[in-house]
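Visitor: Structure for the following, please:
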Amino acid sequence: MIAEIKNECVFTMLLACSVFCSGCSTEQIAAPSVVEQKMPVIVVTSFPLYVMVTEIGGDAVVVEWLSQSAVSPQDWVPSGDDIQRLQSADLILLNGAGYEPWTQNLSLPRSRTIDTTTATVGLAGYADQLLSIDGKVTHQHGPQGSQSEAAIAAATWLDPQLAIAQLNRVELEIVKIVPDRRDQIAVRATALRQQLLQIDVRLKALKLNAGQLLADSSDVAYLVSALKWEFHLLESAADDPAVDFSSAIETLEPRLLVFRENAPAEIRKLFVQSAVPAVAIDVCDKSDDEQSFVDRLTGNIDRLETAMANAGLLKLR
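Guide: So this is what the prediction gives:
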């Protein structure tokens, strides 16, 4: 009898343990799993925008630069897969200034697509500081009016002041989608802004004696326009650019030549071998594993300063 009671007690205890453990197992399965919060995806259309978003967004956002592998990012056209990625992005940041001609043939989500040149609440924008190209000279104009049909110089970021204006808009838009990271974003944006300001100070210190300047492309327009010289573009025929170059040198008598580092070899040769001082400008439209964006902008100022000093083109202050 005692043995039976003991057996019943043991059975009862085992049953209770079984029910208890079973309850624990059921609770663990039913408990909601911790799901990682999806980070906002920001699609950018230029290398400078990629740098700005990556540096100030940090680990709060995912940045996609779809035209990164393009030979010429400005001439890039999105594929079907690219269009899907654009449509699904939380934010699309455009360089503006005509840098993205493909947007004319593609409908983008308006509420999530930002032209960084345009004004918004708290920011004036810089669309009125864009430079139109009429083939010979570059001049400021707004997006409206009779000049709006002219071609627009697109590499706005080469002017440090416009790069800062673009950075300000980027910061504002990132904060909107990750407001809880506002303080961290502000710190990183301020650091990058200070670096751009230092470049701007150096550029403004390059006071030039009056004279003509000849450039190979409107890509360098925003940088050289800050030097306050009369700026002419080389109108070169593809069959014989040397003839057009010689004619421009003879007619304009430029005191400084400015050309893109990535200009066609034949154009580079014309500029480098000329008797007129020539400066190579990094347009900074593609990534470089060896130098940062800021270092490359600084390098442009270094080369301008050296060439101008060697040629006696700097004003004495």
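Visitor: so how far is residue 101 from residue 250?
Guide: 35 Å (Cβ to Cβ, to the nearest Å). In this view, the C-beta of every residue, glycine as well, is placed from N, C-alpha and C.
Visitor: Give me the next element, helix or strand, following the least confident helix or strand in the chain by mean pLDDT.
Guide: Least confident helix or strand of the chain, by mean pLDDT, DSSP states H and E, is helix 2-30 with a mean of 42. On the C-terminal side of helix 2-30, the closest following helix or strand by DSSP states H and E is strand 41-44.
Visitor: mind checking how far that following strand is from the chain centre?
Guide: Centre-to-centre, strand 41-44 and its host chain are 12 Å apart (Cα atoms, centre = their mean, to the nearest Å).
Visitor: Using PDB, list the CA coordinates for the helix or strand following it.
Guide: Next along the chain after strand 41-44, taking DSSP H and E as the criterion, comes helix 47-57. In PDB, the C-alpha atoms belonging to helix 47-57 read as follows (Å, rounded to 0.1, in the frame of the first residue of the first chain):
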ATOM      1  CA  PHE A  47      29.100  60.700 -56.100                       C
ATOM      2  CA  PRO A  48      29.100  63.900 -53.900                       C
ATOM      3  CA  LEU A  49      25.600  63.100 -52.700                       C
ATOM      4  CA  TYR A  50      26.800  59.500 -51.900                       C
ATOM      5  CA  VAL A  51      29.600  61.000 -49.800                       C
ATOM      6  CA  MET A  52      27.400  63.400 -48.000                       C
ATOM      7  CA  VAL A  53      24.700  60.800 -47.200                       C
ATOM      8  CA  THR A  54      27.200  58.100 -46.200                       C
ATOM      9  CA  GLU A  55      29.200  60.400 -44.000                       C
ATOM     10  CA  ILE A  56      26.400  62.200 -42.100                       C
ATOM     11  CA  GLY A  57      23.800  59.400 -42.200                       C
END
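Visitor: Check the burial of residue 86 by counting its neighbours.
Guide: 20 (other Cβ atoms under 10 Å).
Visitor: Oh, that last question was meant for residue 284, not what I typed.
Guide: The burial count for residue 284: 24, using other Cβ under 10 Å.
Visitor: Neighbour count: residue 250 and residue 101, which is higher?
Guide: residue 101 (12 against 8).
Visitor: quick one: that one from residue 95, how far?
Guide: Distance, residue 101 to residue 95, by Cβ to Cβ: 11 Å.
Visitor: got it, and residue 247?
Guide: 33 Å.
Visitor: just so I have it, where are all the helices in this structure?
Guide: Using DSSP state H, the helices assigned to the chain run over residues 2-30, 47-57, 80-88, 160-177, 182-204, 221-225, 241-252, 265-272, 293-310.
Visitor: Could you export those as CSV, including distance to residue 72?
Guide: Putting these into CSV (distance: least, Cβ to Cβ, whole Å) gives the following:
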stretch, distance to residue 72
helix 2-30, 55
helix 47-57, 12
helix 80-88, 16
helix 160-177, 20
helix 182-204, 25
helix 221-225, 17
helix 241-252, 19
helix 265-272, 15
helix 293-310, 18
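Visitor: between the ones you listed, which gets nearest to residue 119?
Guide: helix 160-177 (9.2 Å; Cβ to Cβ).
Visitor: which residues of the stretch 1-150 of the chain score low on pLDDT?
Guide: Within the stretch 1-150 of the chain, the ranges that satisfy pLDDT under 70 run 1-37, 134-150.
Visitor: at 90 instead, please
Guide: Along the stretch 1-150 of the chain, segments meeting pLDDT under 90 span 1-38, 71-72, 132-150.
Visitor: what about residue 108, how many neighbours?
Guide: By other Cβ under 10 Å, neighbour count at residue 108 equals 16.
Visitor: Kindly provide the distance from it to residue 196.
Guide: 28 Å.
Visitor: next one: residue 225
Guide: Counting by Cβ to Cβ - residue 225 and residue 196 are separated by 17 Å.
Visitor: same question, residue 222
Guide: 13 Å.
Visitor: just residue 176 next, same as before
Guide: Residue 176 is 22 Å from residue 196, where distance means Cβ to Cβ.
Visitor: buried stuff in stretch 89-109?
Guide: Within stretch 89-109, the residues that count as buried by 16 or more other Cβ atoms under 10 Å are 89-100, 103, 108.
Visitor: Against residue 171, how distant is residue 55?
Guide: With Cβ to Cβ as the criterion, residue 55 and residue 171 are 11 Å apart.
Visitor: Out of these two, name the residue with the larger neighbour count.
Guide: Between residue 55 and residue 171, residue 171 has the larger neighbour count (other Cβ under 10 Å), namely 23 against 19.
Visitor: Contact partners for the more buried one?
Guide: 56, 185, 186, 189 (Cβ atoms under 8 Å, 6 or more residues apart in numbering).
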